[in-house]
Structure formats: structure tokens, C-alpha cells
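[1] Requesting a structural model of the entry that follows:
(2 chains)
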Amino acid sequence: MDEHSNNQVDKLFRDSLQSHRDESSLNLWDKIENQLDEEDSRLSKTGIRKRFWITACILLFISGSATFILFNSESNKNTSALAIEKKKDLPVIPKNGQAKQVHTGSPVLNSVENNKPPRKNDLNSGSTGSSQRESSDFQYLTAGTLNDPGINEVTVSDLHPLNMEPPDSELYIQTGKRDFSLKPNIPASLIIHPEKHSVINHFSVTPYFSQEFAGYNLSDDDATAADGQEIENKERNVFSASVGFYLNYKINKRWVIQSGISYSWSSSIIDSTKSFAVEDNSGNVQFKLNTISGYGYLQTTSPLQPAVGDSVLTAKSKSQLHYLTIPLILSYKIPLNRFSLLVGAGISVNFLTGASVETEIYGSNFKEDESTIPIKGLKNINFGIIIKADLEYHINSTWGINLIPSFKNSLTPINIHSALSAYPYNFGIGAGISYKF
Amino acid sequence: MTKEQNIPIGELQKLINGCLARDRSCQRKIYEFYGPSMMSLCLRYSKNRQEAEEVLQDGFLQMYKCISQFENKGSFEGWLRRIMINCAFQKYRSNINRFNLLPLTEEQFRISHPNDFADRLSEKELIVLIQSLPPSYRMVFNLYVFEGMKHREIASLLNISEGTSKSNLSDARNTLKKQLASNLKIAR
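    Now for the predicted structure:
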């Protein structure tokens, strides 16, 4: 009787109101339209910002590539460039004794006007600096300063106008046409060797480790999904780090292109939360644990299949994400005595290598075993920007110590079909060593 | 017959595409078409017309924002209803700790609707009766009677036990029965 009465009440309301329609206030559309206008304006600004960053990255990439190609082709022309290391001005011997001044930057190669050809005995090899003999007033080049700090590059093309070539016996500049190894009577220390292939000389590598302070920019735009705000409140990042190396290519004295590879991992703690059973894509009903980055299906030891709407309580869980990152950065070098500072920006491609959640499920009266479940709903690849500085202390001409602060921000969300669109970012402080080839 | 059946599929798709392009005229047409039925739904889930309009406004804004997620696999109206219910639920959750409305007294109900009781109460009166329920009763009643949800599903959605869901439904029905009887008596 009571059941019948209940059904009647339900039926009365259902039948009467199922097809009921009611008009809203006349000005409600105006309110909605105003909000839509605001939303359009906001989206437009966001779109402009996104386009700006994408354009900036593309321009950076193009300008970096163009600069690389331009300077690389210049560099290839000078593959037989000579590195003459000397703090002081270097005098050179012209073949015909006609001295000129060769400008090579701040220090210059000086020679003195002299029509007399050089005499063999006047070559005082092994001494440093320049001198002008009383017996002859030409100047000469020494090879004893090869390891002096301070680099002054002179190329063959700079020297060609001088018609310079080594005098007959003792010295001195190997131009590639002349092989001094065939003349064993010339001490190797007296020969200024040509620079090795210049491309090799422009490379350096910087292995590093970076501790990072990570977070997420979140966008909660799925009205039918779980409450994103709740997920956000329950999860916090606790640790993030990366290890890898930068491969640096010096385009010229100021500009450096950096690439390389790094492996990064980050951990988040998710507070104890209730997970509800839902139907997954294959029709199975499973308990779904939502995280900021994605979601996972809990594995229960219960033999009973849960029904949609059932819930379980999970203990504090730990989610982990692992990525391989390949950056491309264009940096500007600022020399500071024994230090140098590289400031650069670029883009990165991040490849997902692993994502999991470690969690424990509480049953009604028991705590089940800990399990690790994969996180779903993550993109395999996402793109980001990198802004970094690299302060290097030069121990010597080969080795350096680096302090590398950086900022990374994802340009594209790392997940799809999740309650939240997550754009991770992090501030990192890295330390490394660099080796110049 | 649902409203959607009155819109040719091609026309509906055009309107959806227009909404995707943020075409204001298409957005308005969708609002004009589905607004009245959604308003009815919102009225049932809200305590009064003002709150219902707030829910309706939020729901349509959400729908325009997320329309790219509509995959054409099911009914557009069904999808829109889910958004509206979700918005109503959000409103319910934000209000639930702030107040707990008591049902309208018989006197209040009679004063607000003095004339129009016939043998059957009109649709508006029925809605007012539902609105007069405490929020938790109203939510359970709506989900059970109109959305056809099971107590287990309602319990998980509202984060209450199944027993509480059943109890709320029973109390909601009893309250409504009393109100119906009382108001029919007054009408006679």
C-alpha cells in the first residue's frame, strides 16, 4: 500500500514535469552574453599569448639555425685557421720583408716596414715577445708562447696578404702545404701548428644535476568530469629533479647553441581520498583514482566486481612522472674574467617514459596491500619552453664548473581526457662541470 | 518526445559547429531552444527561481565552453542535462553547509499560491512543492524520480550512505504527500 502510494507520488511528479518547460527571465540571455563576451576576450588574450610564445620559439629556432648555418659555413672556410696564442703583439716575417699590420681584434700582429729579406741567423726561435735586432730590423715570430692564456686567432686568410711563409730551415708556421714532420731537424716546439678542425674546437659538453621546485598550471574546463578543484587541493608536488647533459656548440665568441638530453622525474603526494567505481573504456567497472596529471584504475584483491558508484578509500598515494627531454637553446655568452655567463632561451620536447601511482586501499575493516598502478590519460609527447642561465667558472682552458638556474614551462598540456588540463612548470638550480673539446 | 527530435540533425550540427566557432547567433539559438526545458530542470533542483536561473546561466556557460567535448555519440540534450545537473550539484554542495532550508509551512505555501488549485496541481505548483523540500531531500528526490538513478549511485554522487539516500527519499515523499493532501484540501 505504502509502496503503491510512493509510486503514485513519483509518477505524479514525473508525468507532470517530465515535459515541462518554463521561461527564464528575459534578461538572462543578456547576462550569459556578457559573460561570453568576457570569456571571448580572455580567450583572445590567452590565444595572443600562446601565439606570441609559439612565434617567439619558432623565431628563436629559425634565427638560431640560421646563425648556426651562417657561422658554420664561415668557419668551414677557415678550417686551416691558425691559433697564435700570445698576450703581446706578435711580429711576423713577411717573405719579401714588406711588413704590414694585421688587425686581429684587440691585440694586433705587428710588423715593421722592411724591404730586406729575413736572414736565417736572425731568427731567434724559442724566445718570447718581439725584438728588433740591431743587425737587421725585421721582427720575428716565436713559438714559445703556445700555451699562454688568452687567445688571439689569426687565420691564414689574414696572413696571406703578407705572403708569409716559413723561412727555409728552423721555423715555423705550418700551413698545410708544408709538412714539417719531414724535416726532423726542426724541433716540434718551434712549429706553430695549424688549429685542428674548427668545428670540433667549438664543442663542449656539460653534464649536470638539477633540483627543481615544480608545480602545475591547471585548467579545469570539463563540466562533466570530476571536480578538478578537489583534485588540485588534494595533491602537492614534493620532489622534482633532472639529470643530463648539455652539448654546447659555440657559433662565435658570443652565441652558443645548446642541446642535449635530460632525464627528469617528479613525485607528488595525494592525500587520502575516496575513489568511485566507474565504467572504463572497455566496459569493466573499476575504481578510478584521479590525479592532477591523469587517472588510474585501482587494483583490489576483492573477488567481487564493484558496481558503478561503489567507493573505496585510498591511503596517502604517491604519483611519479618520468620524462626524457631534448632541449634546443640559443644562448648569449657574457665573459666575466674567469667566469662566463650564458643566458638563453629555447624550446624542449618531452617524451613520457613512465607514470605511476603507489597507493594503498582501505577496505571496510582492513588495509589491503600496496599496489602500483599506471597513470592513464597522459600524452606521450609534450612541448615546453626553457629559459636558463649558465654561470661557468673556468678552471682552465678545458674544464669549468657550472651553476645552472633554469625555468621550464609546458606549452601544451601533458594530459588528455582528464578532469584537469595540466601544464607543469618548474624552477631548477643545477650544478655541473663542463669539458671543452 | 524530446525537444531534440524537433531539430533536424543537420540543423543541430550546424548550431553546434557555430557554437564551436563562438558564433553568438548559434549560441543564442541553442539557448532559446533548450533554455525552457533546462529551466524546468533547474527549477526542480533549486530552492527558488533566482537560484534556478543562476544554475541555468552557469550550465549554459559551461556548455559553450566545453562544447568541443560533445562527441555526437549520444543525445545533445542528454549531455546538456548532465551539465545542468552537475551545475545544480555544485550549487547544492556550496550551499549545503551554509543553510538547510526547512519546508515551507502550509500557510506560506497557501499564501504564495492562493487561487489555482484544481483537482490536480499545476506543473508550477508541483515544482514549488519540490523546491520547498530541504536541499538534501530535493536532490535525492530529483535524482531518483527524474534521472532514474539507483540509491547506490545517488549515495556515491552525494557522498552519503545508501541508507541516508533511501531515508531522504522516503522523507521527501512523505513531505510531498502531506503538502499535496493539504493543498488539495485547501483548493477544495
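[2] For residue B:138, give me its contacts.
    B:44, B:45, B:47, B:130, B:131, B:172 (C-beta atoms under 8 Å, 6 or more residues apart in numbering or on different chains). Every C-beta, even on glycine, is put in place using the N, C-alpha and C of the backbone.
[3] quick check: mean pLDDT across the helix or strand where it lies?
    Element membership for residue B:138 (DSSP states H and E) is helix B:135-141. In this model, helix B:135-141 carries a mean pLDDT of 91.
[4] what do you get for stretch A:335-350?
    Stretch A:335-350 shows a mean pLDDT of 90.
[5] Just the buried positions in that stretch, please.
    A:340, A:342, A:344, A:345, A:346, A:347, A:348, A:350 (16 or more other C-beta atoms under 10 Å in any protein chain shown).
[6] And the contacts of it?
    Stretch A:335-350 is contacted from outside by A:57, A:60-61, A:64, A:256, A:258, A:323-334, A:381-394, A:408, A:410-411, A:414, using C-beta under 8 Å, 6+ apart.
[7] What of stretch A:392-404?
    Residues outside stretch A:392-404 that contact it (C-beta under 8 Å, 6+ apart) are A:149, A:206, A:208, A:210, A:338-342, A:388-391, A:428-436.
[8] For residue B:15, give me its contacts.
    The contact partners of residue B:15, taken as C-beta under 8 Å, 6+ apart, are B:7, B:26, B:29, B:30, B:33.
[9] that's a helix at residue B:170, yeah?
    Yes. Read with DSSP: H, G, I helix; E, B strand; the rest coil, residue B:170 is one of the residues of a helix.
[10] mind listing the helices for chain B?
    Along chain B, the segments classed as helices by DSSP state H run B:9-20, B:24-45, B:49-66, B:76-96, B:106-112, B:123-131, B:135-141, B:151-158, B:162-187.
[11] For chain A, tell me whether the fourth one is touching it.
    Yes. Figure legend: helix B:76-96 in contact with chain A (C-beta under 8 Å from any C-beta of the partner chain); contacting residues B:79, B:82, B:83, B:86, B:87, B:90.
[12] May I ask which of those has the most neighbours?
    With neighbours defined as other C-beta atoms under 10 Å in any protein chain shown, the most crowded of the residues of helix B:76-96 next to chain A is residue B:87; it has 24 neighbours.
[13] hang on, isn't it packed against residue B:58?
    Yes. Using C-beta atoms under 8 Å, residue B:87 makes contact with residue B:58 at a distance of 4.5 Å.
[14] sorry, back to before: buried only: go through the contacts of stretch A:335-350 for me.
    For those, a burial check counting by 16+ other C-beta under 10 Å picks out A:57, A:60, A:64, A:256, A:258, A:323-325, A:327-331, A:333, A:382, A:384-386, A:388, A:390-392, A:394, A:408, A:410, A:414.
[15] element containing residue A:392, please.
    Residue A:392 belongs to strand A:381-394, assigned by DSSP H and E.
[16] May I have the strands that pair with that strand, each with its orientation?
    In the sheet, strand A:381-394 lines up against strand A:339-362 (antiparallel), strand A:399-410 (antiparallel) (DSSP bridges).
[17] so after the shortest one, what's the next helix or strand?
    It refers to strand A:399-410. Counting by DSSP H and E, the next helix or strand C-terminal to strand A:399-410 is strand A:421-436.
[18] Spell out the residue ranges of the strands in the stretch 151-300 of chain A.
    Assigned by DSSP state E, counting those that start in this stretch, the stretch 151-300 of chain A shows strands spanning A:152-154, A:203-219, A:235-250, A:255-270, A:273-279, A:285-290, A:295-297.
[19] If you average pLDDT per helix and strand, which one of chain B comes out bottom?
    When the helices and strands of chain B are compared on mean pLDDT, DSSP states H and E, helix B:106-112 comes out lowest with a mean of 44.
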